[in-house]
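# Sequence first, predicted coordinates after that:
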Amino acid sequence: MPVIRLQEVKDPNQASVTNQGGMHINADANQWSTEQDGQSKMWNEFQSNVQSQMQTLRAESQVSLAKAQADQAAQLEEIKNMLFAMQDIQLAAESDDEYQELVRAIMEGFPKDCVSLTPYRKEETHLSCDDGIALHGCHGSRIVVPKSLRKEILRRLHSSHQGVTSTLRRSRQLVFWPGITSDIKSTAEACQQCQIHRPSLCKEPMMAKKETHFFSNVGCPEQLESDGGPQFTARETNSFLRRWGVEQRVSTPHFPQSPNGLAESAVKSVKTLMIKSGGKPSEMFAEGLLELRNTPKNAGLSPAEVLFGQALRTRIPAHKSLFSREWNERFQRFDESRLKEQQIRASETFNKGAQEHVPIQVGAQVRIQTPSTKKWDKLGRIVFRGRYRDYQIRTPSGKVLWRNRRYLYPVPEDNNKKIATDQANCETNEPRRSKRVRFEPDRLQA
């Protein structure tokens, strides 16, 4: 719309008339025209921005979709590569020239001029063959894994995140290849989760009620070891254990070397596995827990072998001889001999620098060390002596403490009478009263 302008007054004698703003039509038309042009320009800019943003979003969505499809394809390929069994090991063995050469050497004898078989030469007496698969061990229970599958086997062996020693015990039951020990160590050291959640450095040389169905499932134990919690020391629990003929052994406070440390160690292993597997029950946690139950302990047997008499089948390929009773009996006898040697070495290591403490008689006066401050700042008198170097001590205030012999030091009675009296005064439960003079308050009389 064209802008209407005011016309000039040509007649000087013609009087000019001033109208109010509301009656001035041309001024309103001019203002309306200007505002309409501005709004039209803003609308066009808004449409242009919206179209530009829509084009950008379309391009980004196409890129995100392509990336998601690529990630999904990579995951499917990874899962496909993970799902292999004995048939896949046979296929990998057939496509591996070095592996086929190893199988022929096992069947016909090792040639002297073959360089590729040098790592296997020192294991020649322990190698055998079954249906095209090379086996290792006195009874041929460990599968010699082809090179193309070793990386995945290492990942599965370390799925329980148990560390080098436990993973090596597990591998000695299932698989073998030259240098497997160093490969397992490298895998454990390269695991980021294991490095983040690794335990603290060890210190210097170390100077309920039970449900009836639990016993019916796993059997009745001869001894129950606990930390002395109220659920274990309750009258109903003690009555239940006596009826089942179970002896209860309670560990003393502040003494981690007690038998209850075995249970604490098992709980720690499961908690560590839970943290490294995402912090909640999942398929990854279930796979790791299965490997944890299948891993031999220091006694040579895994928890599954102790409970069920044989190893459990896992995702790691295992030869059929592993599940035979004859092989399990031979393996158990072999592990028992190794266990005795380990126990002797552990006992010798533990006893270095150790000293036998003289037992304390009931009624003797002792000083008690506080574990947190390492100070011998309490006095007491022995009122009970247990079977496993544990004592009950009554303090001057009447409290009864339970401590291991390691935290008790016998002292003469005459030198500590004053200290005992002061300690009794400090430990009394009577509140301290002020000695200032009190006056009756002045109350208003009615």
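Structure received.
# next structured bit after the strand or helix carrying residue 292?
For residue 292, the host element (DSSP states H and E) is helix 283-294. Next along the chain after helix 283-294, taking DSSP H and E as the criterion, comes helix 303-308.
# returning to that earlier point: tell me the mean pLDDT over the helix holding residue 292?
Mean per-residue pLDDT for helix 283-294: 89.
# can you tell me the helix or strand for the spatially most central residue of the chain?
With distances taken as Cα atoms, centre = their mean, residue 272 lies nearest the centre of the chain, 0.9 Å away. Following DSSP H and E, one finds residue 272 within helix 260-276.
# List of residues touching that helix?
160-162, 193-194, 197, 225-227, 251, 256, 280, 285, 288-289, 292 (Cβ atoms under 8 Å, 6 or more residues apart in numbering). In short, each C-beta sits where N, CA and C put it, glycine included.
# Now the buried members of those residues.
If you count burial by 16 or more other Cβ atoms under 10 Å, the buried members of the contacts of helix 260-276 come out as 160-162, 194, 225-227, 251, 285, 288-289, 292.
# In JSON lines: those, plus distance to residue 234.
Shown next, in JSON lines, are these (distance: Cβ to Cβ, whole Å):
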{"residue": "160", "distance to residue 234": "35"}
{"residue": "161", "distance to residue 234": "36"}
{"residue": "162", "distance to residue 234": "35"}
{"residue": "194", "distance to residue 234": "40"}
{"residue": "225", "distance to residue 234": "16"}
{"residue": "226", "distance to residue 234": "11"}
{"residue": "227", "distance to residue 234": "14"}
{"residue": "251", "distance to residue 234": "17"}
{"residue": "285", "distance to residue 234": "33"}
{"residue": "288", "distance to residue 234": "35"}
{"residue": "289", "distance to residue 234": "30"}
{"residue": "292", "distance to residue 234": "31"}
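# what two of those are the furthest from one another?
Using Cβ to Cβ, the buried ones among the contacts of helix 260-276 span at most 30.6 Å, a distance reached by 194 and 226.
# Could I get the buried residue list for stretch 399-415?
Buried-residue list, stretch 399-415, by 16+ other Cβ under 10 Å: 401-405, 407-408.
# Looking at the buried ones among the contacts of helix 260-276, which is nearest residue 169?
residue 162 (8.9 Å).
# tell me the contacts of the closest one?
Contacts for residue 162 were tallied using Cβ under 8 Å, 6+ apart; they are 170, 269, 273, 291-292, 295.
# Per-residue pLDDT of it, please?
For residue 162, the predicted pLDDT is 85.
# and what of the one 5 residues further on?
Confidence at residue 167, expressed as pLDDT, is 90.
# where does it sit relative to residue 154, distance-wise?
9 Å (Cβ to Cβ, to the nearest Å).
# Neighbour count for the two, which is higher?
residue 167 (23 against 20; other Cβ atoms under 10 Å).
# Please confirm that that one is located within a helix.
Yes: under DSSP: H, G, I helix; E, B strand; the rest coil, residue 167 falls within a helix.
# surely it meets residue 156?
No: in this structure, residue 167 is not within contact of residue 156 by Cβ atoms under 8 Å, at 10.3 Å.
# what is in contact with residue 167 and residue 154 at once?
184, 187.
# elements contacting the helix or strand where residue 184 lies?
Using DSSP H and E, residue 184 maps to helix 180-190. Here helix 180-190 touches helix 150-157, helix 164-174, going by 3 or more Cβ pairs under 8 Å, 6 or more residues apart in numbering; DSSP states H and E.
# so which of those gets nearest residue 186?
helix 150-157 (8.7 Å).
# And for the closest one, what's in contact with it?
Contacts for helix 150-157 (Cβ under 8 Å, 6+ apart): 81-82, 84, 145, 167, 170-171, 175, 177, 183-184, 187, 287, 291, 315-316.
# Generate a PyMOL selection restricted to the buried subset of these.
To isolate the buried members of the contacts of helix 150-157 in PyMOL, using 16+ other Cβ under 10 Å:
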select buried, resi 84+145+167+170+171+175+177+183+184+187+287+291+316
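# Quickly name whichever of the contacts of helix 150-157 is closest to residue 220.
Once Cβ to Cβ is applied, the member of the contacts of helix 150-157 that ends up nearest residue 220 is residue 291, at 28.8 Å.
# So in the protein, which strand runs the longest?
Using DSSP state E, we find that the single longest strand of the chain is strand 375-385.
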